[in-house]
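Visitor: Here's a sequence, model it:
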Amino acid sequence: MMCEEIMKLRLIIFLISMCILPFSDAWAGKRVNLDITSAEYRKIPVAVPYFQNKNQPGQVQQIDRDLAVLAAKALDFHGFIQTIPASSFGGRQDADWKQLGADYTIIGQYEVNGNNVTMEIRLNSILDGKMVLGRRYTFPMNKGRKMILKYCDEVIEKMTGIPGVSETKIAFVSDVSGHKEIYLADIFGDYVRQVTRHKFLAVSPRFSPDNSKLTYTSYHRGNANLYITDLDQDKSTQALSRRVGLNMAPAWAPNGRSLIATLSKDGNPDLYQLGLDGSIMRRLTFNAGINVSPCFSPDGGRIVFVSDRTGEPQIYIMDLSSGATRRITYQGNENTTPAWSPDGKWIVYTCKYEGRYQLFKISPDGGSPIQLTNTPGDHEAPSWSPDSRMIVFSRSVNGRKKLYVINQTGRDMRQLYSLDGNQTTPQWSYRVN
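Guide: Predicted coordinates:
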């Protein structure tokens, strides 16, 4: 009798697993593991037909088109996927995918129950006819956009091993109001928010590691003062440092407990570590030239910064525990705005090369730099995406400054936004939890 009950229990567990597994990674195919840093990689053709409302089969509504367009836009943004326009196959979910040349499809279906939506999305491989990634979400009706972007980032992770960046944001400076103010936007430029309203010069936005706060420097009180603002609340801006002279460009420690900024309160622009209340924890440089643009290594043990201690701006790395400092750039007589990649492998920076500002990257250990841009105009103020795959920067062409994105090999340059005014000094947010 006991044996019979055990057999029944095993059968029940098996039947339950058969209901769950089609929407779990256990059922899905192996990770695709694409090497998108390879010079030989090709863009993957993916079809995203219109989503389908199970309550209204056979009918295509505008929301069905919008959901598919958003998913396609999020996938295309990452640079190694090329979605097939849904209009080319009528948006049907039963098109001939092989004839269309698709390697994968994303099929979305949903049903509305009161104020909630239950959505099922599948990433299918056309080559072997298997589902690679299936998910079922239940969420309030106003969270549909978030769920689509969440799923797209999981698709990117399934293909490359690292989640996508569809839900991240970018802070930047714009003069569209007539003054240089700080703005915040999603990666598509669909939602743009003005953060500062000082009606004066505001520069150097920097996200806190949890994305809840933004620091920046503003001149609206007649001095280059450092401020911190809570992005979740209005009218929550506080002065972090109003010391005489420069209070510039803070870098957040990865643990979010301190910052490093340039202060010139004693005359020379030097680097200081500050507490979140603006108090000075320690001084890091001592009158050895102008020291600016600090950026932490991902582990928080080192910083990269710019100093002209040898007579011209060059990139240096400092070990924070010992204070030992070494120079890593020797090519070019003006190297500025370094940014350490989140994976720790590269430092991207601006170099004045053949009369133009171009982007280069270099290993933290030094060595030969790699040129990333070689197009007309000036390319400045690079910032990494949190997956270390892309770099956003400001490009000036014919007197107009716009934000552009390239991948970490320097390929696939494209303008990020089509916004009025000039946009400069972008800062990519950390990954959204």
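Visitor: and the most centrally placed residue in the chain, how far is that from G164?
Guide: By Cα atoms, centre = their mean, the chain has its centre lying nearest to S385, at 3.3 Å. Per Cβ to Cβ, to the nearest Å, S385 is found 9 Å from G164. C-betas here are computed from N, CA, C, even on glycine.
Visitor: How about the contacts made by S88?
Guide: Residues near S88 by Cβ atoms under 8 Å, 6 or more residues apart in numbering: L100.
Visitor: Show me the shaky parts of the stretch 151-300 of the chain.
Guide: 234-235 (pLDDT under 70).
Visitor: Would you map out the domains in the chain?
Guide: Listed by automatic domain parsing, the domain ranges of the chain are 22-160, 169-428.
Visitor: where's the longest one relative to the chain centroid, distance-wise?
Guide: This means domain 169-428. Its chain's average C-alpha position is 14 Å from that of domain 169-428, according to Cα atoms, centre = their mean, to the nearest Å.
Visitor: That one spans what distance, first to last residue?
Guide: Terminal residues of domain 169-428 lie 6 Å apart, using Cα to Cα, to the nearest Å.
Visitor: what comes up buried for stretch 197-216?
Guide: Neighbour-count burial for stretch 197-216 flags 198, 201-209, 211, 213-216 (criterion: 16 or more other Cβ atoms under 10 Å).
Visitor: Over to stretch 303-317?
Guide: Of the residues in stretch 303-317, those buried (16+ other Cβ under 10 Å) are I303, V304, F305, V306, S307, D308, R309, P313, Q314, I315, Y316, I317.
Visitor: D153 belongs to a helix, doesn't it?
Guide: Yes: the assignment for D153 by DSSP: H, G, I helix; E, B strand; the rest coil puts it in a helix.
Visitor: any idea how far it is from R411?
Guide: Distance from D153 to R411, by Cβ to Cβ: 22 Å.
Visitor: Between these two, point out the one with more neighbours.
Guide: Shown here are D153 and R411; by other Cβ atoms under 10 Å, D153 has more neighbours (23 against 14).
Visitor: Quick check: the more buried one touching G164?
Guide: Yes: D153 is in contact with G164 according to Cβ atoms under 8 Å; the separation is 3.7 Å.
Visitor: so what sits against both of those two?
Guide: Going by Cβ under 8 Å, 6+ apart, residues that sit against D153 and also against G164 are A74.
Visitor: check contacts around M141.
Guide: Going by Cβ under 8 Å, 6+ apart, M141 touches V112, N115, N116, V117.
Visitor: show me where the stretch 201-350 of the chain has strands.
Guide: Using DSSP state E, counting those that start in this stretch, the strands of the stretch 201-350 of the chain run over 202-207, 213-218, 225-230, 238-241, 247-252, 258-263, 270-275, 280-283, 291-296, 302-307, 314-319, 325-327, 335-340, 347-353.
Visitor: So for Y404, which of these sits nearest?
Guide: strand 347-353 (13.2 Å; Cβ to Cβ).
Visitor: what's the angle between the following helix or strand past the closest one and strand 335-340?
Guide: Downstream of strand 347-353, the next assigned helix or strand under DSSP states H and E is strand 356-363. Inter-element angle recorded for strand 356-363 and strand 335-340: 40 degrees (by axes from the mean of the first three to the mean of the last three Cα atoms, to 10 degrees).
Visitor: what packs against strand 356-363?
Guide: If you count contacts as 3 or more Cβ pairs under 8 Å, 6 or more residues apart in numbering; DSSP states H and E, strand 356-363 packs onto strand 347-353, strand 366-371, strand 378-384.
Visitor: strand partners of the second one, parallel vs antiparallel please.
Guide: Same thing as strand 366-371. Sheet pairing of strand 366-371 (DSSP bridges) gives strand 356-363 (antiparallel).
Visitor: What residues of the partner strand count as buried?
Guide: Y357, Q358, L359, F360, K361, I362.
Visitor: what's the angle between it and strand 302-307?
Guide: 150 degrees.
Visitor: Just the CA trace of strand 356-363, in PDB.
Guide: Listed next in PDB are the C-alpha coordinates belonging to strand 356-363 (Å, rounded to 0.1, in the frame of the first residue of the first chain):
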ATOM      1  CA  ARG A 356      39.300  66.000 -33.400                       C
ATOM      2  CA  TYR A 357      38.000  64.500 -30.200                       C
ATOM      3  CA  GLN A 358      37.600  60.800 -30.700                       C
ATOM      4  CA  LEU A 359      36.800  57.900 -28.400                       C
ATOM      5  CA  PHE A 360      39.400  55.300 -27.400                       C
ATOM      6  CA  LYS A 361      39.400  52.400 -25.000                       C
ATOM      7  CA  ILE A 362      42.300  51.000 -23.100                       C
ATOM      8  CA  SER A 363      42.900  48.100 -20.600                       C
END
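Visitor: what pLDDT, on average, does it get?
Guide: Averaged across strand 356-363, the pLDDT comes to 97.
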